[in-house]
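Asks: how would this look folded up:
(chains A and B)
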Amino acid sequence: MKIDKKIVISIFIFFSLIFVSEIFAGDSPAEDFQTDECYKCHLENDALPKDFNKEDIHLKSGLTCAGCHGGDATKDDMDEAMDPKAGFIGKPTHEQIPSFCGKCHSHIQYMRKYRPRIPTDQEEQYYTSQHGMLLKKGDQKVAVCSSCHTSHSIFEVKDSRSSVYPLNVPETCNRCHGDKEYMKNYKIPVDQYKKYAKSVHGIALLKKQDTGAPACNDCHGNHGAMPPGISSTSFVCGECHVNNLNYFNESAMGKAFSENELHGCQECHGSHEIEKPTDEMTGVGEESVCLNCHDEGDDGYIAAKKIYEELKSSVALHDSAKIQLDVVKRIGMDDIDIGYKLQKAEQSIIKARTLVHTFDPEKVAKETNLSLKNSKEALELAQKEIKDAQIRRRGLGVATFFILLLIIAVYFKIRNIEAKGKN
Amino acid sequence: MSVKRRKFLDYILSLGFTGLVGSIIYPALSYLKPPKQAEAAVNSVKAGKVNEIPVNSGKIVRFGRKPVILIRTSTDEFIAFTATCTHLGCIVQYREDKQQIWCACHNGLFDLKGRNISGPPPRPLDPFLVQIIDDEIIIAKPKRMS
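Replies: Numbering: from 1, shown residues only, chains lettered A, B, ... in the order given. Next up, the predicted model:
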């Protein structure tokens, strides 16, 4: 039986197409999404939302257009599909968005199906935020859910494509808060992002990509975002800098700050522009923050000077020992003990720097003395190792000398024997 | 050749030979003396006998250049993590009262899985493997680290 070549090719192409479509079926937004009439029609008319993304978390979970916007996605007739009788809502207004998203996200039973651990109080929290309160007053410019999360490109927070992924949060907030024109009626600064990017936190997050570093939401809150009040600023910092806050609160300074309604941490460290603290922030030099309030000769001035001197002397000895450690490493001698001692010394310096928040020179001195002790021991060990290396080097020189001497002596001895033999 | 010169040559020869023998024997004897420290690059260390560590306590063990914290939990399990805090590198310690790992520098806390749970540490502590062989505690690098 002769089979037509064209039929064979057609059958082959047909099955290949089925095979290929099966492979790519997994990549489609949702299994039945390609047959969704909303998607089909909007795609054909090039009317999909600008931020439409097939990887959107809702789409991936099977929530199609009608899931949020209502209507009947099985009807190809536009009027029938978008009939209010079919529950069509369309595009929500700005003030409708929190309740629009909250319809599902505030529903514990509903959300449990998708994410059993997801919080369902975002909407409630939102209305306690500055954004939410202004929205209630009719402000049409304040951030709503979609302002931060986008509308159709929503990803899980831990997904780096998400606008609220830790590394992306500062940029997301800055889209509004850095826009001078957009923010002009709110009378708040618009340089927070610039300041933050230069701060110790900003550098850790944005440059070093350390997702453990705080972004805007870690201090201001997420859905309940508010500027921290005077009494809560220290608690915000104390969330991570626990010891610093405890020492500060227990100190006489903490009480004085509280009585005078001063921001605990912010007065010395700033807020968005927090730089890596230096020892020079204590003391009585040009960079001293103590002199912002204290005058020459008063108790605070004397304490600041003592604290700086304690820190500086322990850092200086630690650094000298560190240089010797590098020498020991370079010459290939045993550096393990020295390294341990120096780690202890460094640890005491770190503790002393934290104890600065007690504003008590004696407490600082307890740790700096420990640091000095360990640095001194490390220095002695390093010097011993360096001396040992020198002894070894000299030993090698002596051995080489004796070998050469022996070679020369053997040479002359052989000559002597040969001369004797001739005679 | 004069006798004086020959004697001098013999003297030099003996001196050179003695020196050479000394140069060979001294390093050999130094090598036989056990080293003060364990090798810098280690894959496992002995951390002592089981009965040396009470239940609900911890101790710092040197693992080459790194300190490791070994903990015997209140449920009598042995666990170990790198003892260097992921914040600024201070050495952490076990807090019997909290049954957690604590960094005294900035009050950072880690749970007994090594996860950072409070304070400034940005990352968890790296875990180490603990094995008990003939009542001896052996701490080893996990496979992915070795």
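
Asks: Looking at the record's assignment, how would you partition the chain?
Replies: Let's take chain A. Annotated domains of chain A cover A:103-227, A:308-394 [automatic domain parsing].

Asks: was after chain B, sorry
Replies: B:1-33, B:44-140.

Asks: Give the rounded mean pLDDT of the last one.
Replies: So that's domain B:44-140. Over the span of domain B:44-140, the pLDDT mean works out to 93.

Asks: What is the burial count for A:K50?
Replies: For A:K50, the tally of surrounding residues (other CB atoms under 10 Å in any protein chain shown) stands at 7. In short, each C-beta sits where N, CA and C put it, glycine included.

Asks: Let me fix that, I meant to ask about A:K344.
Replies: 20.

Asks: Can you say which of the domains of chain A is packed in most?
Replies: Mean neighbour count (mean count of other CB atoms under 10 Å in any protein chain shown) peaks for domain A:308-394 among these, with a mean of 19.

Asks: That one vs chain B: in contact?
Replies: Yes: residues of domain A:308-394 are located near chain B by CB under 8 Å from any CB of the partner chain, namely A:334, A:336-337, A:339-340, A:343-344, A:346-347, A:350-351, A:354.

Asks: Could you dump the residues you listed into TSV with pLDDT added?
Replies: Output for the residues of domain A:308-394 next to chain B, formatted as TSV (pLDDT from 0 to 100):
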residue	pLDDT
A:D334	87
A:I336	88
A:D337	90
A:G339	92
A:Y340	91
A:Q343	92
A:K344	93
A:E346	94
A:Q347	92
A:I350	93
A:K351	93
A:T354	94
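
Asks: of the residues you listed, closest to A:H318?
Replies: Within the residues of domain A:308-394 next to chain B, proximity to A:H318 (CB to CB) peaks at A:E346, which comes in at 6.4 Å.

Asks: I'd like to know how far the closest one sits from A:K113.
Replies: 51 Å (CB to CB, to the nearest Å).

Asks: ranges for the helices of the stretch 101-250 of chain A?
Replies: Ranges of helices in the stretch 101-250 of chain A, per DSSP state H, counting those that start in this stretch, are A:108-114, A:122-126, A:130-136, A:145-149, A:169-177, A:180-183, A:192-198, A:200-202, A:216-220, A:230-238, A:242-250.

Asks: Format those helices as JSON lines; extra columns: mean pLDDT.
Replies: JSON lines is the format used below for those (pLDDT from 0 to 100):
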{"stretch": "helix A:108-114", "mean pLDDT": "92"}
{"stretch": "helix A:122-126", "mean pLDDT": "95"}
{"stretch": "helix A:130-136", "mean pLDDT": "96"}
{"stretch": "helix A:145-149", "mean pLDDT": "96"}
{"stretch": "helix A:169-177", "mean pLDDT": "97"}
{"stretch": "helix A:180-183", "mean pLDDT": "96"}
{"stretch": "helix A:192-198", "mean pLDDT": "97"}
{"stretch": "helix A:200-202", "mean pLDDT": "95"}
{"stretch": "helix A:216-220", "mean pLDDT": "91"}
{"stretch": "helix A:230-238", "mean pLDDT": "75"}
{"stretch": "helix A:242-250", "mean pLDDT": "90"}
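
Asks: With distance to B:S118 added, can I get those in CSV?
Replies: Converted to CSV, the helices of the stretch 101-250 of chain A look like this (distance: least, CB to CB, whole Å):
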stretch, distance to B:S118
helix A:108-114, 28
helix A:122-126, 22
helix A:130-136, 28
helix A:145-149, 27
helix A:169-177, 21
helix A:180-183, 35
helix A:192-198, 24
helix A:200-202, 18
helix A:216-220, 14
helix A:230-238, 11
helix A:242-250, 7
